[in-house]
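Q: Return atomic coordinates for the entry below.
(chains A and B)
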Protein chains: 2
Amino acid sequence: MPNKTTAIAHSNIALIKYWGNFDARLRMPLNDSLSMNLDALTTETTVEFDDALAQDEIVLGGEPADEKTSARVVEQLNRIRREAKTKSFARVHSKNNFPSATGLASSASAFAALTLAATRAAGLELSERQLSILARQGSGSAARSIPAGFVEWLAATNVTSTSDQSYARQLLPPDAWDLHDVIAIVSRDAKKVGSSEGHAVVNTSPFLGERISRLPIRYHRVRRELLNKNLKGMGAEIETEAIELHMLAMTSRPPIFYWSPATVRVMDAVRQWREEGLEAYYTLDAGPNVHVLVEGKHAAEVANRLRTFADVQEVIVSGAGGGAKLSEAHLF
Amino acid sequence: MPNKTTAIAHSNIALIKYWGNFDARLRMPLNDSLSMNLDALTTETTVEFDDALAQDEIVLGGEPADEKTSARVVEQLNRIRREAKTKSFARVHSKNNFPSATGLASSASAFAALTLAATRAAGLELSERQLSILARQGSGSAARSIPAGFVEWLAATNVTSTSDQSYARQLLPPDAWDLHDVIAIVSRDAKKVGSSEGHAVVNTSPFLGERISRLPIRYHRVRRELLNKNLKGMGAEIETEAIELHMLAMTSRPPIFYWSPATVRVMDAVRQWREEGLEAYYTLDAGPNVHVLVEGKHAAEVANRLRTFADVQEVIVSGAGGGAKLSEAHLF
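A: Coordinates of the predicted model:
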């Protein structure tokens, strides 16, 4: 068995959202989704299987992981052990370069990096598609952090669909389009309700069915404009898509509220800037932070404007990121 | 023809909302709605028909009304002239004791007071039901400001329904229940998009059908708990109902955004207070202000808390109000 392996993966921002599962256990989503990997947001994870260990050892950002997170990581290691036909426990150290659990999709980059590092450390050489399928089972959106650049994750919701049909693939490489995500961090607090809990209750929203039945129309429009690299052509759909995700959350039982006052303030500002001629569009993940999508030439201007907001704590500017990849620099 | 007539009417806050028309011209609503008149928010209107006038003269808060408002008032006067079989023009002076066009439903109290004052000034003696039907045609929610206290407005949406079947009636008199509305005024600016425009585009929201088809279940639950005077029993439904109104607005094409940062802050606070044991529930009209419903014994406490918010500009506390009524004190 090879030795210590380290992988790096990027977070991603969805243009068409993942919200709700067809099969919760396998994390097979209700709908196809589209995203862009975020070059500036990375998770780095080192994994080493060691026959001397009596259990998995999970360290995140230098601290032992809490029970809930550990359990989820161990589940993913179990999937990998089954594939690799090994019973060894693993040492896993991981760190993000950004605050976790604030809607910056830390679980996407985390489970993508973990999946690549752990499969290699266990002696497996999986294809991009196989890695995506496996990462998906750890955290749905992690499937999208495996390929590079602009990515689509296929849902595979037919009755006859199987888990190996729901994977992410590249639509455009990262250097094909100079799109930037200017992220207004309005809260560094951990979310009160995690995404997994949100996925679990989405079917209590009366509006889920209508959304899912109409989503293919939006999906194909945004996909086409993405391939055309036409931000203006997809902008209105992207904003509506973000609002719909939060509408589903706010109308679930119990309702889930992710917006903070600053979320509303920044969205209002983006709409105002656009009226003044600046082509910027917002989207939101399942959290309060606002992602402002602009062409690269406007990124610095938008970042400067966002930094003047008293309730924006930090601004992160990110271009399109690469896929999950191996690294020589180990964390331990 | 009698002389100068003055009427006073109260604004109302809806527990089940009016959002969207079955027949836009007649303002026949898509669904039944429930409301409470607000004792603290009044419009006072004096009307005098005068054969010497060459056109209607509309004065609001001491200033000549703008063109759009004048046109709407003239339309209502035309309806009344048709009923009264008169061609005289009228002098109309009206004033609110609260800021208009901030989502405090100024058009509800305004058209209720106008309808009562103008019909009497024109020599008509209409029943409460007839007044409600007529007020409705000026501004839908004005139908609910005609009866006193807690009110339901019947939609009458059958193919065979006629305008005279859509009217409001009392469910409980104002003194039957010590419910209070503590209103956090977070903006005194005029709304960017008026309610009439919102009603006109609601059918562009993909979620309207699902909402309308499910609303009777909520309606009957809230109505039952209202008759039981059980705030806790209706609270969760009322909050969801308010969110749904804004979800429809935010998912209309073009989307309409009424929330301000303070709207989110106050809603969050109310949910937090409730977790701490204070039975308070929010609702919202088509605007940024937050209405916090509490039993009378908690009204002062909630008002004091809301006054500590930097972005709450004013707090108005209101019990249940009476119906539209005549007054001896004329405005001119």
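Q: now A:Val294: how far from chain B?
A: The gap separating A:Val294 from chain B is 20 Å, by CB to the nearest CB, to the nearest Å. To be clear about C-beta, it is placed using only N, CA and C from the backbone, and glycine gets the same treatment.
Q: Also A:Leu154?
A: Distance from A:Leu154 to chain B, by CB to the nearest CB: 23 Å.
Q: ok, that residue - how many residues close by?
A: A:Leu154: 17 surrounding residues under other CB atoms under 10 Å in any protein chain shown.
Q: my guess is it contacts A:Asp164, does it?
A: No - between A:Leu154 and A:Asp164 there is no contact under CB atoms under 8 Å: 11.0 Å.
Q: and A:Glu125, that's in a helix?
A: No - using DSSP: H, G, I helix; E, B strand; the rest coil, the secondary structure at A:Glu125 is coil, not a helix.
Q: Name the nearest residue to it, sequence neighbours excluded.
A: A:Thr119 (7.9 Å; CB to CB, 6 or more residues apart in numbering or on different chains).
Q: just for the stretch 51-200 of chain A, where's the confidence low?
A: By pLDDT under 70, the weakly predicted segments of the stretch 51-200 of chain A are A:100-103, A:105, A:190.
Q: give me the element the residue nearest to A:Glu125 is part of.
A: For A:Thr119, the host element (DSSP states H and E) is helix A:106-121.
Q: Could you check the angle the next helix or strand after that helix makes with helix A:106-121?
A: Next along the chain after helix A:106-121, taking DSSP H and E as the criterion, comes helix A:128-138. Put simply, helix A:128-138 runs at 130 degrees to helix A:106-121, going by axes from the mean of the first three to the mean of the last three CA atoms, to 10 degrees.
Q: Spell out the secondary structure type for A:Ala155.
A: Strictly by three-state DSSP, A:Ala155 counts as coil.
Q: so who does it touch?
A: By CB atoms under 8 Å, 6 or more residues apart in numbering or on different chains, the contact set of A:Ala155 is A:22, A:28-33, A:166.
Q: just the residues you listed that are near chain B?
A: Applying CB under 8 Å from any CB of the partner chain to the contacts of A:Ala155, one finds that nothing falls near chain B.
Q: Wait, A:Gln137 touches A:Arg27, no?
A: Yes - the criterion here is CB under 8 Å, and A:Gln137 meets it with A:Arg27 at 5.5 Å.
Q: Return the list of helices and strands in contact with the longest strand anywhere in chain A.
A: Taking DSSP state E as the criterion, chain A has its longest strand at strand A:33-50. Here strand A:33-50 touches strand A:5-16, strand A:89-96, helix A:106-121, strand A:150-153, strand A:179-185, helix A:208-227, strand A:314-318, going by 3 or more CB pairs under 8 Å, 6 or more residues apart in numbering or on different chains; DSSP states H and E.
Q: So which bits of the helix or strand following the last one are buried?
A: In this case it means strand A:314-318. Following strand A:314-318 in sequence order, the next helix or strand is strand A:325-327 (DSSP H and E). Neighbour-count burial for strand A:325-327 flags A:Ser327 (criterion: 16 or more other CB atoms under 10 Å in any protein chain shown).
Q: do the same with stretch A:313-330
A: Going by neighbour count (16+ other CB under 10 Å), the buried part of stretch A:313-330 is A:313, A:315-324, A:327.
Q: Out of those, which comes closest to chain B?
A: Relative to chain B, the closest of those is A:Gln313; by CB to the nearest CB it sits at 14.7 Å.
Q: Contacts only, for the closest one.
A: By CB under 8 Å, 6+ apart, the contact list for A:Gln313 reads A:185-188.
Q: Give the PyMOL command for selecting the buried subset of those residues.
A: Typed into PyMOL, the line below selects the buried ones among the contacts of A:Gln313, using 16+ other CB under 10 Å:
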select buried, chain A and resi 185+186+187
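Q: okay if I get the contacts of A:Gln313 as JSON lines plus distance to B:Val302?
A: What follows is those, written out as JSON lines (distance: CB to CB, whole Å):
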{"residue": "A:Ile185", "distance to B:Val302": "32"}
{"residue": "A:Val186", "distance to B:Val302": "27"}
{"residue": "A:Ser187", "distance to B:Val302": "26"}
{"residue": "A:Arg188", "distance to B:Val302": "30"}
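Q: Greatest separation within the contacts of A:Gln313: which pair is it?
A: Using CB to CB, the contacts of A:Gln313 span at most 9.0 Å, a distance reached by A:Val186 and A:Arg188.
Q: circling back to that earlier point, residue contacts, the residue nearest to A:Glu125?
A: Residues in contact with A:Thr119 (CB under 8 Å, 6+ apart) are A:80, A:83-84, A:125-126, A:131, A:134.
Q: repeat that for 7 Å
A: Residues near A:Thr119 by CB atoms under 7 Å, 6 or more residues apart in numbering or on different chains: A:80, A:126, A:131, A:134.
Q: Could you list which of these also contact chain B?
A: Contacts with chain B within the contacts of A:Thr119, as defined by CB under 7 Å from any CB of the partner chain: none are present.
Q: a markdown table please, covering the residues you listed and showing neighbour count.
A: Formatted as a markdown table, these follow (neighbours: other CB atoms under 10 Å in any protein chain shown):
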| residue | neighbour count |
| --- | --- |
| A:Ile80 | 24 |
| A:Leu126 | 18 |
| A:Leu131 | 27 |
| A:Leu134 | 28 |
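Q: neighbours of the closest residue to chain B within the stretch 151-300 of chain A, just the number please.
A: Residue nearest to chain B within the stretch 151-300 of chain A (CB to the nearest CB): A:Pro261, separated by 3.3 Å. Per other CB under 10 Å, the neighbour tally for A:Pro261 reads 20.
Q: Secondary structure class of the residue of chain A most remote from its centre, three-state.
A: For chain A, the largest distance from the centre (CA atoms, centre = their mean) belongs to A:Ala52, which lies 34.0 Å off. The three-state label given to A:Ala52 by three-state DSSP is coil.
Q: per-residue pLDDT, the nearest residue to A:Ile185 once chain neighbours are set aside?
A: Take A:Ile185 and drop its neighbours on the chain: the residue closest to it by CB to CB, 6+ apart is A:Glu314, 4.2 Å away. At A:Glu314, the model reports a pLDDT of 92.
Q: tell me which parts of chain A are close to chain B?
A: Within chain A, the positions near chain B by CB under 7 Å from any CB are A:206-207, A:210, A:214, A:240, A:243-244, A:247, A:250-251, A:255, A:257, A:259-262, A:264-265, A:268.
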